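Colleague: Predicted model, plus sequence, below.
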Amino acid sequence: MKLFVLAAIAIAVVLLTGAAWRFVTLRNKGTQVLMRTMPADGVHGWRHGILTYDQDCIRFFKLRSFSFGPDIVLARNQLTFEGKRDLSPDERAIMPETGAILELSCAAPTAADNRGGADDRLRFEFGADHHAAMALVSWIESSPDHRQVRTDMNVLHQRALRSPR
């Protein structure tokens, strides 16, 4: 019984240390947003998190996640800004500091190419203040066309050598 209690305490310490590490490393490194995948109904599905920008992708880290890596990664050249909408009264009640809801779509990872129709795309909604919303839209719309981006052989080499997840 003592061994079981010690093992439970050790697991709890490891989980709390991981959660503290994630909180400390991410809290000032990105933009605070709310995100949900579509289709969603009412106010269900919203997740608080941190959105970090890179040259090629955005990474979403859920606030309540024990993962050491990002929970969602979206490629910049696959993202499309679909539109902007106002918050519903129910949404305004749970996210009062949110200024706008951005509707985005991204090519589904199972699609072989980006020539598919609207059904082949994953849809997301991002809730953020006006400054964060403008930054995200600007970042997406300033993306170079995927036909103009040169392939970085070093990145391809690193991808080939990394271990499968």
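Modeller: Nice, I can see it.

Colleague: show me where pLDDT drops low in this protein?
Modeller: Applying pLDDT under 70 to the chain picks out residues 25-27, 109-119, 145-150, 163-165.

Colleague: now with 50?
Modeller: Applying pLDDT under 50 to the chain flags residues 111-116.

Colleague: Please name the spatially closest residue to the residue minimising distance to the centre of it (chain neighbours excluded).
Modeller: Most central in the chain under C-alpha atoms, centre = their mean is residue 60, positioned 2.5 Å from the mean C-alpha point. Leaving aside its sequence neighbours, residue 60 sits nearest to residue 72 (C-beta to C-beta, 6 or more residues apart in numbering; 4.2 Å). Using the backbone N, CA and C atoms, a C-beta is placed for each residue, glycine as well.

Colleague: what about the one you found, how many neighbours?
Modeller: Neighbours of residue 72 under the rule other C-beta atoms under 10 Å: 18.

Colleague: Residues touching stretch 10-18, excluding its own?
Modeller: Contacts with stretch 10-18, where a contact means C-beta atoms under 8 Å, 6 or more residues apart in numbering, come from 66, 68.

Colleague: hang on, the residue nearest to the centre of the chain packs against residue 54?
Modeller: No - with contact defined as C-beta atoms under 8 Å, residue 60 does not reach residue 54; the gap is 12.0 Å.

Colleague: coming back round to it: confirm for me that the residue nearest to residue 60 is in contact with residue 35.
Modeller: Yes - counting by C-beta under 8 Å, residue 72 touches residue 35, with 7.4 Å between them.

Colleague: which residues do the two both contact?
Modeller: Taking C-beta under 8 Å, 6+ apart as the contact rule, residue 72 and residue 35 both touch residue 60.
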